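J.: Quick one, structure for this:
(chains A and B)
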Amino acid sequence: MSDVVRVRFAPSPTGYLHIGGARTALFNWLHARHTGGKFILRIEDTDHARNSEAAVEVILSGLRWLGLDWDEGPETSVTSGPSRGEFGPYFQSQRTNRYLARASDLKAAGHAYERDGALFFRMPRDPITIEDRVVGNVVRPLTDREELDPDWVLIRSDGQPVFHFVNVVDDLEMGITDVIRGEDHLSNTAKHIALFRAFGVAPPRYAHIPLILNDDGSKMSKRNLGASLQHYIDQGYAPEAVSNYLCLLGWSPKDGQELFTIPELVARFDLASVNRSNARFDLKKLDHIHFEHTRRMSRERFVELGIQSLRVRGIETGNFPASYVASALLTAQEKGKLFSELPIWTDFYFKADPEIIPDEETRAKALSASAKPQLEALLAAYSSVPEFTAPALEAGLKGLATQLGVKVGALVQPCRAAVTGKLVGPSLYHLLEVLGPEKVMVRLQSAIDRMTA
RNA sequence: GACCCUAUCGUCCAGCGGUACAGGACAUCGCCCUUUCACGGCGGGGACACGGGUUCGAAUCCCGUUAGGGUCGCCA
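T.: Below you'll find the model as predicted:
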């Protein structure tokens, strides 16, 4: 083949995208983009029992969510649907004739033979050296069980080819130059190398990356909630934060930088500085990375993600002016919270005034009868504020506090509770400005009316 | 059972024979700031798994032990 790098991500449609698989895809994608190579997506749906269109869709949408676009591969989850690239089909279930042809080649060359109705590969007895770009040279001798019978199945007696075989055939035929995958494949790489040699070609370059473990060091299984990428999508993490964090698990740029945009990652990522030891998934650190990304991302990006997030959670912003929606959401950006929490911070912007109903705790802490005179005074002050802007509102409130001889908080919290119905939220003066004088006045008055005294 | 990989603060990384009573980030603790929640600032505690070598000198190299992970399927 040419010397352009060709890497692939070859997931099996199991119904979810494992977080480790997502990182494998990310490393492959980064390697391709960094080297100007091609990133290929191939669906390993040889196990018909657990293959379904929905399961493929989970993979495609997961990759898209992360921003990992593929140069070759399926465009939809439909097995016989459209695809990009010259080396298709990209669904293994559509490539059976190729496997069968390759199998007979091996048989003709004496590398395979039939036994018990299945086709077996004649595995070399000598140790095989795996030259790995991450792990180094690994000599893999046969295990005691393999010594008993080193040969292994290429085609099952029911006619179905097995994973190791199709994987190698596809990598060969698709011109894959670099195989980047989880370390769980390291031992089996000897089989793959032997197959490539049997086909008379040099194996691709290998890079086995360390695995992601649970925070207690145990292996991540499907049962663990955090093992699925979908979990992080649902929790409202920014995609760029997840990519960034995933990269940090097993890779570092050596200079201590931890926060990267995707373009920076593309520029700086290199296989050579990938670690050799497994890493535990630390949710706290992910939260921190998300926090930093969320605060730094462009306003446009934040608003885009925010509107999506609110819609998913039942808050439709389409009925409000775009500028109002943007201003409203932006008051929550500095909080850096998960997008799943956005309704908690901004729902009051999109509620009708009568829907602002403080709960019992809020009433007790901020809207007790004793606060009524202060709220009335604030309402009066705000009725005559020179302009309804955050600085003017702040000055007005602080001036009133001085005048009344009370602490600022004695006015802030009742006001916040009255207009938002909550004790916590965005910066008070900014949210008041965004809300506008009409809503603020109405809400202050309703709160006053409800206060007994 | 065999084979393979790995081993630095609680976690993720830096370190790749001497510049190190081991540096950064997250977490944690204390103080400060503060209109809520936060943010921010300052400071503290916290690690080279263990045992042998090699060397003038070892977190760094070698061997062993232990621990964790992986593989050895007519699963992928």
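J.: give the contact list for the closest residue to residue A:427 other than its chain neighbours.
T.: Nearest residue to residue A:427, sequence neighbours excluded (C-beta to C-beta, 6 or more residues apart in numbering): residue A:331, at 6.4 Å. All C-beta atoms are positioned from the backbone trio N, CA, C, and that covers glycine. If you count contacts by C-beta atoms under 8 Å, 6 or more residues apart in numbering, residue A:331 has them with A:345-346, A:426-427, A:430-431, A:434.
J.: In helices, which of these fall?
T.: Applying DSSP state H to these, the entries found in helices are A:345-346, A:430-431, A:434.
J.: does residue A:39 count as helix, strand or coil?
T.: strand (DSSP: H, G, I helix; E, B strand; the rest coil).
J.: Tell me the spacing between it and RNA strand B.
T.: Residue A:39 is 19 Å from RNA strand B, where distance means C-beta to the nearest atom of the strand, to the nearest Å.
J.: What values do phi and psi take at the nearest residue to that residue once chain neighbours are set aside?
T.: Spatial nearest neighbour of residue A:39, chain neighbours left out: residue A:32 (3.9 Å); criterion: C-beta to C-beta, 6+ apart. The phi/psi pair for residue A:32 (degrees, to the nearest 10) reads phi -60, psi -50.
J.: ok, residues contacting the least confident helix or strand in chain A by mean pLDDT?
T.: Within chain A, no helix or strand scores below helix A:360-366, which has a mean of 87 by mean pLDDT, DSSP states H and E. Contacts to helix A:360-366, defined as C-beta under 8 Å, 6+ apart, come from residues A:358, A:413-414, A:416-417, A:421-423.
J.: do that again at 6 Å, thanks
T.: For helix A:360-366, the external contacting residues (C-beta atoms under 6 Å, 6 or more residues apart in numbering) are A:413-414, A:417, A:423.
J.: Can I have the buried ones of those as a PyMOL selection?
T.: Command for PyMOL, covering only those of the contacts of helix A:360-366 found buried under the criterion 16 or more other C-beta atoms under 10 Å:
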select buried, chain A and resi 413+414+417
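J.: number of nearby residues for the closest residue to residue A:410 other than its chain neighbours?
T.: Leaving out its chain neighbours, the residue that sits closest to residue A:410 by C-beta to C-beta, 6+ apart is residue A:374, at 6.0 Å. Residue A:374 is flanked by 17 other residues according to other C-beta atoms under 10 Å.
J.: Residue A:21 - that's part of a strand, no?
T.: No. Going by three-state DSSP, the assignment for residue A:21 is helix, not a strand.
J.: And it, how far from residue A:168?
T.: Using C-beta to C-beta, to the nearest Å, residue A:21 is found at 20 Å from residue A:168.
J.: any low-confidence regions in the stretch 201-350 of chain A?
T.: For the stretch 201-350 of chain A, not a single residue meets the criterion pLDDT under 70.
J.: give me the beta-bridge partners of residue A:153?
T.: Here residue A:153 sits in beta bridges with residue A:120, going by DSSP bridges.
J.: and the ones in helices among the contacts of residue A:331, which are buried?
T.: A:345-346, A:430-431, A:434.
J.: so who does residue A:56 touch?
T.: Shown in contact with residue A:56 (C-beta under 6 Å, 6+ apart): A:13, A:43, A:77.
J.: Enumerate the residues of the stretch 1-150 of chain A near RNA strand B.
T.: Contact residues, the stretch 1-150 of chain A versus RNA strand B (C-beta under 7 Å from any atom of the strand): A:12, A:44, A:46-47, A:115-118, A:135-136, A:138-141, A:143-146.
J.: Please flag which of these sit within strands.
T.: Judged by DSSP state E, these include A:115, A:118, A:136, A:138-140 as members of strands.
J.: rewinding a little: now, which of the contacts of residue A:56 lie within helices?
T.: Short answer: those have none in helices (DSSP H).
J.: can you give me the offset of stretch A:440-451 from its chain's centre?
T.: Computed by C-alpha atoms, centre = their mean, to the nearest Å, the chain-centroid distance of stretch A:440-451 equals 43 Å.
J.: Tell me if it is near RNA strand B.
T.: No. Stretch A:440-451 does not reach RNA strand B (C-beta under 7 Å from any atom of the strand); its nearest approach is 14.5 Å.
J.: can you list the residues that contact that stretch?
T.: A:353, A:356, A:369, A:372, A:375-376, A:379, A:418-419, A:432.
J.: Can you list the buried residues in that stretch?
T.: A:440-441, A:443-444, A:446-448, A:451.
J.: do stretch A:262-270 as well
T.: Buried-residue list, stretch A:262-270, by 16+ other C-beta under 10 Å: A:262, A:265-266, A:268-269.
J.: got it, and stretch A:157-167?
T.: Residues of stretch A:157-167 classed as buried: A:161-162, A:164-167 (neighbour count, 16+ other C-beta under 10 Å).
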